[in-house]
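Visitor: got a predicted structure here, sequence first:
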Amino acid sequence: MITNQQAVTLKDLGLPENYYLSVNGQLVSSEKTFDVFNPATGQVIYKAPDASVEQLEDAINAAAAAFKRWSITPWGQRAELIEVFADSLEKRKEQLTTLLTFEQGKPLHSQARFEVDYAISWVREIAKRQLPARVIEDTPEHTVEVHYTPLGIVGAITPWNYPVLLALWKIAPCLLTGNTMVVKPSPYTPLTSLLIGEIAQNVFPKGVLNIVSGGNHLGQIMTEHPAIAKISFTGSSATGQKVMASGASNLKRLTLELGGNDAAIVLPDADWRPLVKTLFWAAFGNSGQWCVAVKRLYVHSSIHAEFTAALVDYAKSVKVGDGMSPDTELGPVQNRMQYEKLQDLLQDTRAEGYKIAVGGTVDASASGYFVPVTIVDNPPESSRIVQEEPFGPVLPVIAYDDVDEVIDRVNASPYGLGGSVWGKDRDAAVAVAKRMETGTVWVNEIHVHGVDMPFGGHKLSGLGVENGVEGLAGFTNTKTYMFKK
Ligand code: NAD
């Protein structure tokens, strides 16, 4: 059995020992490297290629050259290659899953397996989608049609919480619609994306999909680059704002999937006991590092005390540990920056004297970036723990008396990604859901996603959507044809 104390290597885990940039169909290394860590131990697991600016330029030039043929390759042929890509990913899925746990920290047997399986099934499903031209008018005099044409080169910039899923959410629809790509993964979790790039080079023509790892500056260069037509970005709202500002130079198309501070509202009539487990995992799954994790849990004051006590009891039963261990249910947080950010938030919570019902103190002497499951009992609305996106295993459970007033509190957030409402009277719950200012809202269920369901945020949570017809269309220009008969 592998423990935290052993310096586990890629080789020990049966993983490839070398990872490369994918540029113009070639696997290339780079002069400089940067460290990639195992978050469960804090140990360096690999020195990843730190692409030079010239290598990024090579990738952009390769994507530009490949676009000429790829954009006119028939839709059906592109779809077939995306299916082959899904098959190729499937063959390497054990490696992808283990590598995901090794660099990201999430439990191998549950959340890592789910992410990889789900992402591959997504690629397969996307390959079946169409974006046909629409006939707007067809009279004896003329015809008007709207066609969806590829944009050119798309730059994808991804975060570290779901590195496999979020890269593939961008790659599959982008290539299907006839664009070529340069993907830059987060420097915290580059390895799974580099492996995906390697797998793709045996499937797609050279230059169609290029993957470059390196620092944040590469992302910034991509957002400013005149040859890149669109940036598909998932990350924090602060970086999203920078992406938008620097994309203005050539009026880049943008899809920005950004931060959230999702509220769940438990109404007074809710059958709350079965919700305890559901809402625990909705908040703490992937150790809370989830854009649509429940980050503010509002429970009616008539049931708040009992609900919180049951949630705390459940939290105490959940095993936090190294994601490689079969009994681990929650892994560490992914990186030192996030670990320190969470410690600062917990320090503030303690200093303000808010009631911590469970967790609250990090054992800094332990190896790895472990933050205990923390539930804060009824902190004030103005507290940092309620107002900020923790992006970690820390949850405020807030009592409220009046439904109208709690909707105002929920909507006062600058974020508007997702939200959920829980209650026995379905119509009353739907009425609350309709008033929530978010891109997605769930009633008596949560975190249902689908290839055909547009997903995006309102307000500071984003711009545009991924998935659905709208998401596919987001990788295209609309072109209106008018033919005189
Ligand atoms: P981040 O913004 O720090 O980094 C995201 C990516 O942007 C990384 O690849 C990074 O290298 C790159 N980057 C950094 N500075 C850049 C710049 N100036 N120009 C261009 N690119 C730059 O975000 P993160 O910490 O990796 O991810 C966590 C955040 O992502 C959270 O706020 C979370 O809510 C959000 N998120 C949103 C969604 C969604 O779908 N809405 C999904 C997952 C994560």
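Guide: Looks like it came in fine.

Visitor: would you list the phi and psi of the residue nearest to Gln289 when sequence neighbours are not counted?
Guide: Nearest non-adjacent residue to Gln289, counting by CB to CB, 6 or more residues apart in numbering: Asn161, 4.3 Å away. To be clear about C-beta, it is placed using only N, CA and C from the backbone, and glycine gets the same treatment. According to degrees, to the nearest 10, the main-chain angles of Asn161 amount to phi -80, psi -40.

Visitor: Ala63 now?
Guide: Dihedral angles (degrees, to the nearest 10) for Ala63: phi -70, psi -40.

Visitor: could you chop this structure up by domain?
Guide: 21-258+461-484, 263-450 (automatic domain parsing).

Visitor: as TSV, the ones you listed with mean pLDDT, mean neighbour count and distance to the ligand would be great.
Guide: Shown next, in TSV, are these (pLDDT from 0 to 100; neighbours: other CB atoms under 10 Å; distance: least, CB to the nearest ligand atom, whole Å):
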stretch	mean pLDDT	mean neighbour count	distance to the ligand
domain 21-258+461-484	98	20	2
domain 263-450	98	19	3
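
Visitor: and the residue nearest to Gln289, what does it touch?
Guide: 104, 286, 289-291, 334, 391 (CB atoms under 8 Å, 6 or more residues apart in numbering).

Visitor: let's see 7 Å
Guide: Applying CB atoms under 7 Å, 6 or more residues apart in numbering to Asn161 gives the contacts 286, 289-290, 334.

Visitor: just the ones of these in helices?
Guide: If you go by DSSP state H, these have nothing in helices.

Visitor: pairing partners for Thr478 in the sheet, please.
Guide: Tyr148 (DSSP bridges).

Visitor: offset the numbering so it begins at 53, please.
Guide: Taking 53 as the first residue, the last one we looked at is Thr530.

Visitor: that one reaches Tyr200, doesn't it?
Guide: Yes: between Thr530 and Tyr200 there is a contact under CB atoms under 7 Å: 6.2 Å.

Visitor: let me know whether Gly412 touches Val425 as I believe.
Guide: No: when contacts are counted by CB under 7 Å, Gly412 is not listed as touching Val425 (9.8 Å).

Visitor: just send the domains of the chain back as JSON lines, with distance to Leu65 too.
Guide: JSON lines is the format used below for the domains of the chain (distance: least, CB to CB, whole Å):
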{"stretch": "domain 73-310+513-536", "distance to Leu65": "5"}
{"stretch": "domain 315-502", "distance to Leu65": "8"}
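
Visitor: in three-state terms, label Val136 for me.
Guide: Assigned with DSSP: H, G, I helix; E, B strand; the rest coil, Val136 falls in the helix class.

Visitor: what's the closest non-adjacent residue to it?
Guide: Counting by CB to CB, 6+ apart, Val255 is the residue found nearest to Val136 once chain neighbours are left out, at 5.2 Å.

Visitor: per-residue confidence at Asn56?
Guide: As predicted, Asn56 sits at a pLDDT of 47.

Visitor: just to revisit the earlier point, show me what contacts the residue nearest to Val136?
Guide: Applying CB under 7 Å, 6+ apart, the residues contacting Val255 are 133, 136-137, 140.
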